[in-house]
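# I need the structure of the sequence given here:
(2 chains)
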Amino acid sequence: MALLEVENLTAVFHTEKGSNTAVDGVSLTLEAGEILGIVGESGSGKSVTAFSIMRLLREPGEIAAGSVVYNGTDLLSLNNRQMRKYRGREISMIFQEPLSSLNPIQSIGQQVMEPLFIHFRLNKVEAKERAIAMLKRVGIQDAEQRFDVYPHQLSGGLRQRVMIALTLVCEPKILIADEPTTALDVTIQAQILELLRELQAEFGMAIILITHDLGVIAEVAQRVCVMYAGEVVEIAPVDAIFDRTAHPYSAALINSIPNREIEVERLSAVAGSIPGPEEKRQGCLFATRCSFALPACSTTRQKIVSVAGGHKVACMRAEAGELPADMVLSLAERKHD
Amino acid sequence: MTEVLLEVRGLSKIFPITSGIIRRRQVGEIPAVDGVDLSIHKGETLALVGESGCGKSTTGRLLLGLLRPTSGKILYRGEDIASVSDEELRKLRSQFQMIFQDPFGSLNPRMKVLDLIAEPLKISGVAKAKRQERAMMLLKNVGLSVDHAQRYPHEFSGGQRQRIGIARALALDPQLIVADEPVSALDVSVQAQVINLLQDLQKDLGLTYLFISHDLGVVHHIADRIAVMYLGRIVEIASKRVLFDNPGHPYTQALLDAIPVSRPGQRHAREILSGDLPATSDHAVGCRFATRCRFKTDRCLKEEPVLRTIGAGQTAACHHVEQIQKGETPS
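Next comes the predicted model:
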C-alpha cells in the first residue's frame, strides 16, 4: 500500500458569482521515499491540491469530495485537533516565499524549536540542541551565532534553508514543497535542490514537489503528475513523461520551453490560454488549444486510464493509440530544424 | 559590423542610504551600477543577464533616461543622453521605449485598451483621428483583435496584457526597446507566444532590443549577444554561441552550470556555486566575485580585473581566464 493515497479529490471555491471548481477529481499516490513532481501552469490546481492534502484550505475554499488516506487514516475525516498531530509531524510543507511564511518577530531558532515543543514535548536544552543540529544540516554553518537572528536579517536562500530546517526537524514522512525555488536566483536554486535531494536520501522521506518549471522536474523528480485546469492529465515515471509523452498538453508544455541544447527559429507556442475557473467544465478542457482535438473531445469527459506500467493518461485519442509517437520533438531532431 | 546605436561608457549610478526621519542624513551608498561599458548595435538583441540585485534593471532605466547616472556617458547617435536637459530628453525619449515585467501593474486599470495604446501619441501631439487609427493598427500587429479596443485591462489574461504593453511601447516608432524581464511573469505556454511576437516585430520593424532577463534558456533563444552582470559590473560580454559553448568568466560558467537540465537523462554531478550574492555596498577592493570563486588567488583579492578581449567577440573581466579555460588551476 502506498504511503499516501489521494482519491477523487475535489475542491471548490464559493464566490458571489457561484462555485468554481479548482481541483476536479484528482487521484494520485505517493510511495514512501519517492520524489513526486506535480507540474502545471498557474491556475492548474497544483497548489490547491497540496493545501487540501494538508487540510489548509480556507474560506471560501472547501474540499467537496474525495479522500486523502495516509497510512490507513483518511485525513479528511479527522477533526482539527486530530489533524494537528499529523501536520508538521507526519506531513510538512514548505512554501514559495520564505519571508512571508516565517514569523517576522520571532528568531529563527525559536521557530525551528517550536515543532519540537509541540510534537515531542522536549525541554528547552534538548530542543535547542536538535534545532542547532538541524540548522547545521541544512547548511547554516554558524548556527549557534545565527540562532537568535530574525528572518529579515537573512538572504532569500538562507531563509529557505531555515524553512526547510523547521519543516524537517520532526522528521516527517512526507514533505510537500510548493514552488520552493521559484523566488530564488538560479545559482541558489541549484543549492536548494541539491540540499533537498541530499536530505531525502538521508531521512528517507517522500517529497511532493510542486513546480511550474519542467527543468526542476527533470532535475529531481522520480515520478511526475501533470495537471491542467484542475485535473490530472498524465502521471508517469519521469523518463516516460519526456521520452514517451502521452498527453498532447504535456508535449506542448515540453516543446514550448526554450532550450539551450537546440536552435530553433521559432518556439512552438500553444495558442490561447488556460481556461479560468469560472468557465464551463465540459469534455476535455485542453481541447480548444489542442492540435489533435476531434469534435468529440470537447463533449466527452476524459477518464484517466493506464497506457503502460505506471503510466496513466486522460486523453481518449492517446488511449486509442491515435496520437503520433513524436509529439515531443527530440533534442536531436530539433537541432536540424 | 553594423552601426552602433547606443554606446555606454563608464556608466555608474550610486544610490544613497539615508537614515533619520526628521533630519535625513546619508549614512552610506550603494553603487548599483559601477562603471559599465556597453555598445548596442542597430537591429541586434543584446541580453543583459544576472541574478537579482546585480544592477541589470538599473542599467536599463539609466539607458532610457528614467534615472540620471552619477557618472558616465550614454551616447545615442553621438549625443550624450546623460547630459542633455530634461526638455531635450523628453524629445529623445520617443526613440526609446520600455516593456515591463509585470503586465498587471504597468497598465492603468481605468483606461480602455485603445486609450492606453494611443496615450503616447496623445502626449506627442498626434491628432485624435490619426492616433486612433494607429492604435487600431498596433492592436492588430500584436495579435489582438479590434473587438478588444474598448475593453479594460482586467478583462485580459497575462499574455494578452503583455501584448498591450508591447503595442504601447511601439506606438511612437522607437529605435530601441528595453524589455525588462518581459516574460518572467507568464506561464511557459504563453511565454513562447510573446517571445515569438517580439522576434516577429524585430524582423518587421528593424527594432533593437536590450533584453534584461535572469532566464538563460529564454536568452539563449532570443539573444545575439549576451552581457553578464555581477554586483554592478559587467563580467563578460560575448556572442551567444561563444558564451554558451566556451564561457570565459568563472561566474558565467557557474550560471550556465546552475541551469536545470532539460531532460532527466542529462542529470549530472555539478560544481555548485557556494554562498550568496554579497551586498553591493560591502565591496572594497579586488574582484567582486572572489568571495564565491573557486579559482581565486591573492591577486584577485587585491586587484580588480578589467574587461579585456579574450577571443573573437568575447571580453571578460577575470585575471585568470586563459588558465581556467584550459582547465588549469591558477596559482
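
# give the contact list for the residue in chain B positioned nearest to chain A.
In chain B, the residue that lies nearest chain A is B:Pro260 (3.1 Å; CB to the nearest CB). C-beta: built from backbone N, CA, C; applies to glycine. B:Pro260 sits next to A:Gln189, A:Ala190, A:Leu193, A:Asp213, A:Gly215, A:Val216, A:Ala218, A:Glu219 when contact means CB atoms under 8 Å, 6 or more residues apart in numbering or on different chains.

# at 7 Å what do you get?
Residues in contact with B:Pro260 (CB atoms under 7 Å, 6 or more residues apart in numbering or on different chains) are A:Asp213, A:Gly215, A:Val216, A:Ala218, A:Glu219.

# Give me the subset of those residues that lies in helices.
A:Gly215, A:Val216, A:Ala218, A:Glu219 (DSSP state H).

# Next, give me the two most distant ones among the residues you listed.
Greatest spatial distance among these (CB to CB): A:Val216 and A:Ala218, at 7.4 Å.

# What is the neighbour count of B:Pro69?
The tally of other residues near B:Pro69 (other CB atoms under 10 Å in any protein chain shown) stands at 24.

# cool, and B:His268?
B:His268: 7 neighbours (other CB under 10 Å).

# ditto for A:Arg146
A:Arg146: 18 neighbours (other CB under 10 Å).

# Please apply the same query to the one 5 residues further on.
Residues near A:Pro151, counting by other CB under 10 Å, number 21.

# thinking it is in contact with A:Leu102, fair?
Yes. A:Pro151 lies in contact with A:Leu102 (CB atoms under 7 Å); the separation is 4.2 Å.

# Now the common contact residues for the two.
With CB under 7 Å, 6+ apart, A:Pro151 and A:Leu102 have common neighbours A:Arg159.

# State the number of residues packed around the residue nearest to B:His320 when sequence neighbours are not counted.
Counting by CB to CB, 6 or more residues apart in numbering or on different chains, B:His320 lies nearest to B:Pro330, which is 3.8 Å off, once chain neighbours are set aside. For B:Pro330, the neighbour count with other CB under 10 Å is 15.

# Ok, B:Glu271 next?
Around B:Glu271 there are 12 residues (other CB under 10 Å).

# B:Ala312 now?
8.

# again, but for B:Phe211
The burial count for B:Phe211: 26, using other CB under 10 Å.

# Am I right that it is in a strand?
Yes. With DSSP: H, G, I helix; E, B strand; the rest coil as the criterion, B:Phe211 is assigned to a strand.

# any idea which helix or strand carries B:Glu51?
Using DSSP states H and E, B:Glu51 sits within no helix or strand.

# any low-confidence regions in the chain?
Looking at chain A here, since you left the chain open. A:330-337 (pLDDT under 70).

# That was the other one, I meant chain B.
B:1, B:280-283.

# Which phi and psi values does residue 75 adopt?
Let's take chain A. phi -60, psi -30 (degrees, to the nearest 10).

# my bad, the chain I had in mind was chain B
phi -100, psi 120.

# residues touching residue 158, list them.
Since you didn't name a chain, this refers to chain A. Here A:Leu158 is in contact with A:Ile140, B:Asp276 (criterion: CB under 7 Å, 6+ apart).

# actually chain B
By CB under 7 Å, 6+ apart, the neighbours of B:Gly158 are B:Pro103, B:Ala185, B:Leu186, B:Val190.
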